[in-house]
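In: Quick one: sequence plus predicted model below, questions after.
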Amino acid sequence: MELNDANLQTLTEFLRKTLDPDPTVRRPESVSNLKNIHTVFYLHHLIPIKTCSSQHFFVEDEPNKISDADRTAIKANIVNLMLSSPEQIQKQLSDAISIIGREDFPQKWPDLLTEMVTRFRSGDFHVINGVLRTAHSLFKRYRHEFKSNELWTEIKLVLDTFALPLTELFKATIELCQTHANDANALKVLFSSLTLISKLFYSLNFQDLPEFFEDNMETWMTNFHGLLTLDNKLLQTDLVSNAIQFLASVCERPHYKHLFEDQNTLTSICEKVIVPNMEFRSADEEAFEDNSEEYIRRDLEGSDIDTRRRAACDLVRGLCKFFEGPVTAIFSGYVNSMLSEYAKNPGQNWKHKDAAIYLVTSLASKAQTQKHGITQANELVNLTEFFVNHILPDLKSSNVNEFPVLKADAIKYVMIFRSKLPKEQLLQAVPLLITHLQAESTVEHTYAAHALERLFTMRGPNNATLITSAEMAPFTEQLLTNLFKALTLPGSAENEYIMKAIMRSFSLLQEAIVPYIPTLIGQLTHKLLLVSKNPSKPHFNHYLFESLCLSVRITCKANPTTVSSFEEALFPVFTEILQNDVQEFLPYVFQVMSLLLEIHSNSIPASYMALFPHLLQPVLWERTGNIPPLVRLLQAFLEKGGASIAASAADKIPGLLGVFQKLIASKANDHQGFYLLNSIIENMPPESITQYRKQIFILLFQRLQSSKTTKFIKSFLVFVNLYCVKYGAIALQEIFDSIQPKMFGMVLEKIIIPEVQKVSGTVEKKICAVGITKILTECPAMMDTEYTKLWTPLLQALIGLFELPEDDSIPDDEHFIDIEDTPGYQTAFSQLAFAGRKEHDPIGDAVGNPKILLAQSLHKLSTACPGRVPSMLNTSLNAEALKFLHGYLQGASVQLV
């Protein structure tokens, strides 16, 4: 297809249709005849093809969305197109083939493997690697699929077609590596092939050892061993790590245990495979010094899965599963030898100690969690002794910048084994770690910050922090000083580990930080101003706002009047963020402002009232991340000054209710609408919203009719009962019946009685209990009209709310409620833990025990109409409920008359 104006116009129209929201327009264009598409066009067309494959080739419980003719055309051409495309396109098309293969292979695509295997003979490693990459994407699922006859049948079919050609390709590629041993470019291509072949071998042998590979084990293992011991300086490849990972997976399986039982075998593996691959390589050193962020990510966050070190570490753990004693004995000798070499000449041999520490860590670690570090250790390794003799000296070194790799190793040792080291040794390490915050090495001072943060989260007896604020008192000033200084070191201006350590230090030290807050809050707000110009580190930003919240909470807890000082410091920065519409920060700003406003006594400062109208602007509510914090901020306004808003901003009440109306229409955000509505009902003067009440209920009933969900019903029940508590049962009955005659009875019968058991939460249940009690005992219509027949079922539902387990069932069609489409990028909402709002009980101490309230209210009702209540109870209430009710009456020391 020639690249000319006409074809470009055709392509433009074609691509426009692939983006059309109408599926009848989009789908035919997404499934084009691939054989007519030239590579230059395909660059533009790649994503629609892949997306089409993932969305339409197989949709469960739906008919095929792609015709059989189109499916056949795609499958007939896609392999050839993939193999003739540049590498980046090849990878995308390989994914598309694997997506199609998940549905059609092997039954509906029986010739796929044959077509792929024939390409092995091409001798073109661009083509061969394309085939191998596609095969890997098809077969890697065998590593996690459950065993089944269908799976065995498919693997057998694959082995029959693929195993022999793969083995032949493996041998031929090994020979080519020997032929081109001095050609770096050729070796790079060949070893990328060997890496893919190793991955395929791993996948095909994962479920069980097939007969073919068992018969050819010598071929594979001899060559694997050669690769493991290969030391070609031209190579920087992950092939070795893949091979070691395979060995690690094999040695963990009981039925291969016999392969490793011989002492010579174990010694050979330890000496020739593990120890050489534990070494700190030049590439590691370069990353440590020049790409510290990537080094930290790989080392601390476990993304070093493909490194030789991680693979060797996994192999040590695998061998220790069955041979812990012999392996520990073998490595003890190596560790001692490495440490001896280091002692002879530390400046020259520091890598020996690095390898020794890594080896001890690998050997001792049996089980690990992010929260606790190592939770299960090899009892044959004396962790405390190693800490005292080999870790502590590095931590105590007067020069924090000498041997930074060993310093980082020592810090990591404390961090990893924190749950296994005695508390006195951890306390001994704390001031040393604080000193290492000053190290020039980014990795070293980052590890120091991370280690302190992890130590400060540890729990001791009674779930209190293991290290107390009192124990930290001698080091508090130095800790805070060094943490904030570390943020000024090159490469750490937005270091998330340091900011998290600041947050955790504030949390641990509590009121001990108050004397330092005037200085620290200035540094935090200055940092906030800087990062708001270009927010790029979401974790750093989150911990920064958490630290601000802690500063506010801790200081204002001791002296609430200091809130004005925080507002003076923060509001100029917040104003700039709001004016510049820094979307990532708006949800955080609203949360901090809520926290500040909630600290005020029962009034709204003028600075907040000036902001109130702007919070109702529709554009703010279009962003989903703004909704939870904005609702909370409006709730704070209502709680602190509902009367003020009614008096001085009554013209804003329609806007407030407009927000409620928008939220209530959304399945994703309707609960937020109810939070706002409940605050309006609870805090606004009744007369200020009288004219709007009926319309509020009409909107709720419209939503119930159009889209009734369990979440909506639960929120609706809480609101209805809160309305009853606030305005009385008669007002509730009258407003329902004013919308439609007998509506009150319908709501009781169809919603409240059958659904109240679904209500969850202590406060929510209390609101419903008090509201239903009022309906039962303070609404004359329940005693003297056709609503009377609902009195006993309503009481039965209330006793069920008290005594029966919560009904947490959800209808099948609600498990996957579609979230409304939000165009473009949407900033997510991240809850600030230290800006959390205490659970609010609108009833408070007025009702201590709702069961006692029910008993007292029924007693009062029975006194007003003697004989009626006992008669209704004895004729209609079931025996078990009656028994519970008698218990409530006894507890309240009252009787029914």
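Out: Yep, it's here. Residues are numbered from 1 along each chain as shown.
In: Which helix or strand lies directly C-terminal to the lowest-mean-pLDDT helix or strand in the chain?
Out: None of the helices or strands of the chain scores lower by mean pLDDT, DSSP states H and E than helix 39-56, at a mean of 45. Scanning the chain past helix 39-56 towards its C-terminal end, the next helix or strand to appear is helix 68-83 (assignment: DSSP states H and E).
In: which helices and strands sit right next to that following helix?
Out: Helices and strands touching helix 68-83, by 3 or more CB pairs under 8 Å, 6 or more residues apart in numbering; DSSP states H and E, are helix 87-104, helix 112-118, helix 125-139. C-beta here means a position set from N, CA and C on the backbone, and glycine is covered the same way.
In: quick one: the lengthiest helix in the chain to chain centroid distance?
Out: Selection of the longest helix in the chain by residue count, based on DSSP state H, yields helix 308-344. On the basis of CA atoms, centre = their mean, to the nearest Å, the separation between the geometric centre of helix 308-344 and that of its chain is 35 Å.
In: Just give me the lowest mean pLDDT stretch among the helices and strands packed on helix 68-83.
Out: Out of the helices and strands packed on helix 68-83, helix 87-104 stands lowest, with a mean of 79 (criterion: mean pLDDT).
In: Dump it to PDB, restricted to CA.
Out: Taking C-alpha atoms only, helix 87-104 is exported to PDB below (Å, rounded to 0.1, in the frame of the first residue of the first chain):
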ATOM      1  CA  GLU A  87      10.700  -5.500  17.300                       C
ATOM      2  CA  GLN A  88       8.500  -3.000  19.200                       C
ATOM      3  CA  ILE A  89       5.500  -3.800  16.900                       C
ATOM      4  CA  GLN A  90       6.400  -7.500  17.100                       C
ATOM      5  CA  LYS A  91       6.000  -7.400  20.900                       C
ATOM      6  CA  GLN A  92       2.600  -5.800  20.700                       C
ATOM      7  CA  LEU A  93       1.400  -8.300  18.000                       C
ATOM      8  CA  SER A  94       2.900 -11.200  20.000                       C
ATOM      9  CA  ASP A  95       0.600 -10.100  22.900                       C
ATOM     10  CA  ALA A  96      -2.400 -10.000  20.500                       C
ATOM     11  CA  ILE A  97      -1.600 -13.500  19.300                       C
ATOM     12  CA  SER A  98      -1.500 -14.700  22.900                       C
ATOM     13  CA  ILE A  99      -4.800 -13.000  23.700                       C
ATOM     14  CA  ILE A 100      -6.400 -14.700  20.600                       C
ATOM     15  CA  GLY A 101      -4.700 -18.000  21.600                       C
ATOM     16  CA  ARG A 102      -6.200 -18.000  25.100                       C
ATOM     17  CA  GLU A 103      -9.600 -18.500  23.300                       C
ATOM     18  CA  ASP A 104      -8.800 -20.200  20.000                       C
END
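In: Flag every buried residue along it.
Out: By neighbour count with 16 or more other CB atoms under 10 Å, helix 87-104 contains the buried residues 89-101, 104.
In: how would you label K366: helix, strand or coil?
Out: Under DSSP: H, G, I helix; E, B strand; the rest coil, the three-state class of K366 is strand.
In: Give me the nearest residue to it, chain neighbours excluded.
Out: The spatial neighbour of K366 that comes closest, neighbours along the chain excluded (CB to CB, 6 or more residues apart in numbering), is Q376 at 4.2 Å.
In: Tell me what that neighbour is bridged to.
Out: In this entry, Q376 is beta-bridged to A367, by DSSP bridges.
In: Strands of this protein, residue ranges please.
Out: In the chain, the strands defined using DSSP state E lie at 365-369, 373-377.
In: okay, the ones you listed, which one's buried deepest?
Out: strand 373-377 (a mean of 17; mean count of other CB atoms under 10 Å).
In: tell me the mean pLDDT for it?
Out: Regarding strand 373-377, the rounded mean pLDDT is 76.
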